[in-house]
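Enquirer: this one's sequence-less:
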């Protein structure tokens with residue numbers, strides 16, 4: 001018998017997403033929930049999938065590879081996002097398995113993704129990770145370099161720039177994320193129209209602010225799967 005806790009969390013999450021979208025004059029259908037499934041076993045991912053979550057984000061290459069080999073065959077419409085820091089020597093393992101790599105934080109990484117994608121006969125969607133707080137974030141492009149980096153990456157074969165990703169500094173108060181998300185949206189709105197497909201910002205603690213400020217994708221772990229041990 002299915003444990004109803006994940007189903008209940010997702011139902012509650014959808015209500016909150018719809019309310020946030022309504023406040024912003026948007027439609028809830030414009031928001032994609034990405035279930036952050038690091039440390040989450042395949043059975044719980046499958047349960048979330050049965051509740052309509054079809055996008056999942058993984059942070060670690062080896063964990064992602066292990067899960068992908070044991071996914072139930074009926075989960076055919078799952079779209080995997082790689083959202084963690086990606087080293088160039090791991091790119092060959094992840095290209096072809098993920099629909100989008102959200103955490104591209106250097107030109108060198110983008111070039112490697114493009115090269116590996118060409119070898120596999122595909123084009124990989126990428127997001128540029130933006131360092132929203134220089135004092136807090138370890139990885140990402142400084143905001144002042146994002147548009148130049150985007151222009152360079154639009155010329156690289158094997159990749160397709162789909163948008164931006166960012167993370168506000170941790171705070172117990174969701175409203176503190178607003179200026180960071182607003183600044184990310186301003187950068188996003190300056191990308192060429194073809195690259196304005198995904199703006200990934202907002203997690204379990206601040207996704208409503210992310211939606212109000214223009215997020216198209218929100219990365220949700222705890223609010224779906226519960227607290228991690």
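Expert: Done, it's in. Keep in mind that this is a model prediction, so the values were computed, not measured.
Enquirer: where do the strands sit along the chain?
Expert: 32-36, 55-58, 79-82, 100-104, 124-130, 159-166, 198-200, 217-220 (DSSP state E).
Enquirer: so how far is the third one from its chain's centroid?
Expert: Here the centre of strand 79-82 is set off from its chain's centre by 8 Å, with Cα atoms, centre = their mean, to the nearest Å.
Enquirer: give the partner strands of that strand in its sheet and their orientations.
Expert: Within its sheet, strand 79-82 is paired with strand 55-58 (parallel), strand 100-104 (parallel), according to DSSP bridges.
Enquirer: in TSV, list these along with mean neighbour count and mean pLDDT.
Expert: Where C-beta positions appear, they are placed from N, C-alpha and C, glycine not excepted. As requested, those are exported to TSV (neighbours: other Cβ atoms under 10 Å; pLDDT from 0 to 100):
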stretch	mean neighbour count	mean pLDDT
strand 55-58	24	97
strand 100-104	26	98
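Enquirer: export the ones you listed to a markdown table and append columns for distance to residue 32.
Expert: Converted to a markdown table, these look like this (distance: least, Cβ to Cβ, whole Å):
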| stretch | distance to residue 32 |
| --- | --- |
| strand 55-58 | 6 |
| strand 100-104 | 10 |
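Enquirer: ok, residue 98 - contacts?
Expert: Residues near residue 98 by Cβ atoms under 8 Å, 6 or more residues apart in numbering: 58, 64, 80, 81, 82, 124.
Enquirer: got it, and residue 162?
Expert: Taking Cβ under 8 Å, 6+ apart, one finds 100, 125, 126, 127, 195, 197, 198 in contact with residue 162.
Enquirer: make it 6 Å
Expert: Each residue near residue 162 by Cβ atoms under 6 Å, 6 or more residues apart in numbering is listed here: 125, 127, 197, 198.
Enquirer: need the max-distance pair from those residues.
Expert: Largest separation among these by Cβ to Cβ: 127 and 197, giving 9.3 Å.
Enquirer: so for residue 155, which of the strands paired with strand 79-82 sits nearest?
Expert: strand 100-104 (14.6 Å).
Enquirer: which outside residues touch that closest one?
Expert: Against strand 100-104 from outside (Cβ under 6 Å, 6+ apart): 81, 82, 83, 86, 110, 125, 126, 127, 128, 129, 165, 200.
Enquirer: switch the cut-off to 7 Å
Expert: Here strand 100-104 makes contact (Cβ atoms under 7 Å, 6 or more residues apart in numbering) with 81-86, 110, 113, 124-129, 162, 165, 198, 200.
Enquirer: low-confidence regions, this protein specifically.
Expert: 1-4, 137, 229 (pLDDT under 70).
Enquirer: by residue count, which helix of it is the longest?
Expert: Counting by DSSP state H, the longest helix found in the chain is helix 4-23.
Enquirer: which strands and helices sit next to it?
Expert: Other elements packing on helix 4-23 under the criterion 3 or more Cβ pairs under 7 Å, 6 or more residues apart in numbering; DSSP states H and E are helix 42-50, helix 207-212, helix 222-225.
Enquirer: just name the most buried of these.
Expert: Across these, averaging neighbours per residue (mean count of other Cβ atoms under 10 Å) puts helix 207-212 on top, at a mean of 24.
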